[in-house]
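[1] the following comprises the amino acid sequence and a computationally predicted model.
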Amino acid sequence: MNGELIWVLSLLAIAVVLFATGKVRMDAVALFVIVAFVLSGTLTLPEAFSGFSDPNVILIAALFIIGDGLVRTGVATVDGTWLGKMAGSSEIKMLVLLMITVAGLGAFMSSTGVVAIFIPVVLSVSMHMQTSPSRLMMPLSFAGLISGMMTLVATPPNLVVNSELLREGLHGFNFFSVTPLGVVVLALGIVYMLVMRFMLKGDAPGQQAGKRRTFR
C-alpha cells in the first residue's frame, strides 16, 4: 500500500466520521475533501470539478426541485387525504393503496420525502382504525425502498449506471426500462406485507386508549 492510497483512505475515513457526527455541514465536508485532494496533487483541478458538469448531478438537483414543488403545491398532501378517504376503515385496503401511492410518487421524487409526507397520514389513519402504527409504517418503508425500482430517475444509482453505460458506448436505459421489474417487485412486496402483517401485533386495548387520550 503506497503513501497516496493511505492518504486517500485516511481522508475518506475522516469524511465519513464528520458525516456521521453531523458537527460539520455535509457540503462543507465535501468541499474540504475536494480541496484537500487538489492541494495534495491527488487530483488535478479539472478532475476535481468534472463531477459538476455531469448531467446526472443537474438531473438529481432538478428532481429535488420537482419534489419540493409537489409538496409546496399540496399535491402530495391531497394524495394523503384521498388515501385516507378511499381506505375507510379497511386496513387491507389502506395497506395496498398506501404502498401503490408511495411507490408511484417515489418514482418521480425523493423517496425519503414521500415517506416523510405520509408518516402523519399513517399515524392519523392508525388512530382512526384503532390499530398499531407499526402495521402500516413497515409497508410505508418498504414502498419507499421499492419506488427506486420504478423509473430511471427514481434513485441516483440508476442514473449513475446509465451514465456509465453510455460512456462506454453501450445502450443505456430508457425512462421506463426498469418499470416492469419494479411493478413485479411492488406486487410481491404488497403480497408479502399482507401476509406478514399478522405478525405485527397491535397494541393492547389499554395502550390504544392511552394513545387516543394523548393525541386528543
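    On my side now, so go ahead.
[2] all the helices of the protein, residue numbers only.
    3-21, 26-39, 45-48, 55-72, 75-87, 91-106, 111-129, 134-146, 156-167, 179-196, 205-215 (DSSP state H).
[3] mean pLDDT lowest where, among these?
    In terms of average pLDDT, helix 205-215 trails the rest of the helices of the chain, at a mean of 43.
[4] next one: Gly182 from Leu95, what distance?
    18 Å (CB to CB, to the nearest Å). (Glycine included, C-beta is placed from N, CA and C.)
[5] what does Pro139 give?
    From Pro139 to Leu95 the distance is 5 Å (CB to CB).
[6] let me see the domain layout of the chain.
    1-53, 54-215 (automatic domain parsing).
[7] most packed of those?
    Mean neighbours per residue, mean count of other CB atoms under 10 Å, is largest over these for domain 54-215, with a mean of 16.
[8] now Phe175: closest residue in space that isn't a chain neighbour?
    Closest residue to Phe175 apart from its sequence neighbours, by CB to CB, 6 or more residues apart in numbering: Leu152 at 5.0 Å.
[9] let me fix that, I meant to ask about Ser147.
    The nearest residue in space to Ser147 (CB to CB, 6+ apart) is Gly106, at 2.5 Å.
[10] quick one, what contacts the one you found?
    By CB atoms under 8 Å, 6 or more residues apart in numbering, the contact list for Gly106 reads Val114, Val115, Ala143, Gly144, Ile146, Ser147, Gly148, Met150, Ala154.
[11] at 10 Å instead, please
    67, 112-115, 143-151, 154-155 (CB atoms under 10 Å, 6 or more residues apart in numbering).
[12] with respect to Asn174, which of these is nearest?
    Thr151 (9.7 Å; CB to CB).
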